[in-house]
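In: sequence-free structure coming up:
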Ligand SMILES: [Mn+2]
């Protein structure tokens, strides 16, 4: 079990994580929709995840979402790198009713984000949907990894956001899958 915490004037965050778990989740950020997304992420990545965030929600959810992404990424970094004997690449397309989102990742130990989801405006129960991009930016740059999220189709923004979190979860689960035939999956010799 990996533990990470981070306290600033804006947020107080604690994460416990087991990369090869069963997908059990205890999430409390004070932001209902974000809790719902992180719960879906844990469930479908099969990561056991406890995440609590006490943030400055009297301002808005921005700092809480961004910083939760940072601390989650720091815990994932410790769990994943340096990589050895795992797949390294992972892909998943997740559909939810009319919505379809694809995620492609490379556990390259370098940061890159390609974000192509139509969630740049609107909100769900006080959660600004542009924060979905902020979350994935935090994860991509702090883990780090190469993360692509691609919109295929859909109209309902709850479905599109949730499909993105689930696609990321499944792609990550596949990328960290052990494969004994793979040593260090890089011609550089280290990742
Ligand atoms: Mn839902």
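Out: The structure has been received and is ready for your questions. In this text, all values refer to a predicted model and were calculated from it rather than measured experimentally.
In: quick one, strands of this protein?
Out: Ranges of strands within the chain are 2-7, 11-18, 25-28, 48-55, 89-96, 99-106, 112-116, 123-124, 127-128, 146-153, based on DSSP state E.
In: I'd like those strands written out as JSON lines, with mean pLDDT added.
Out: Formatted as JSON lines, those follow (pLDDT from 0 to 100):
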{"stretch": "strand 2-7", "mean pLDDT": "98"}
{"stretch": "strand 11-18", "mean pLDDT": "98"}
{"stretch": "strand 25-28", "mean pLDDT": "98"}
{"stretch": "strand 48-55", "mean pLDDT": "98"}
{"stretch": "strand 89-96", "mean pLDDT": "98"}
{"stretch": "strand 99-106", "mean pLDDT": "98"}
{"stretch": "strand 112-116", "mean pLDDT": "98"}
{"stretch": "strand 123-124", "mean pLDDT": "96"}
{"stretch": "strand 127-128", "mean pLDDT": "96"}
{"stretch": "strand 146-153", "mean pLDDT": "98"}
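In: Now tabulate these in a markdown table and tack on distance to residue 172 and mean neighbour count.
Out: All C-beta atoms are positioned from the backbone trio N, CA, C, and that covers glycine. Output for the strands of the chain, formatted as a markdown table (distance: least, Cβ to Cβ, whole Å; neighbours: other Cβ atoms under 10 Å):
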| stretch | distance to residue 172 | mean neighbour count |
| --- | --- | --- |
| strand 2-7 | 15 | 14 |
| strand 11-18 | 12 | 19 |
| strand 25-28 | 15 | 16 |
| strand 48-55 | 12 | 20 |
| strand 89-96 | 6 | 18 |
| strand 99-106 | 6 | 22 |
| strand 112-116 | 14 | 14 |
| strand 123-124 | 23 | 15 |
| strand 127-128 | 22 | 20 |
| strand 146-153 | 9 | 18 |
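In: I'd like the ones you listed as JSON lines, with distance to residue 190 appended.
Out: Formatted as JSON lines, the strands of the chain follow (distance: least, Cβ to Cβ, whole Å):
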{"stretch": "strand 2-7", "distance to residue 190": "21"}
{"stretch": "strand 11-18", "distance to residue 190": "23"}
{"stretch": "strand 25-28", "distance to residue 190": "32"}
{"stretch": "strand 48-55", "distance to residue 190": "28"}
{"stretch": "strand 89-96", "distance to residue 190": "17"}
{"stretch": "strand 99-106", "distance to residue 190": "15"}
{"stretch": "strand 112-116", "distance to residue 190": "19"}
{"stretch": "strand 123-124", "distance to residue 190": "42"}
{"stretch": "strand 127-128", "distance to residue 190": "39"}
{"stretch": "strand 146-153", "distance to residue 190": "16"}
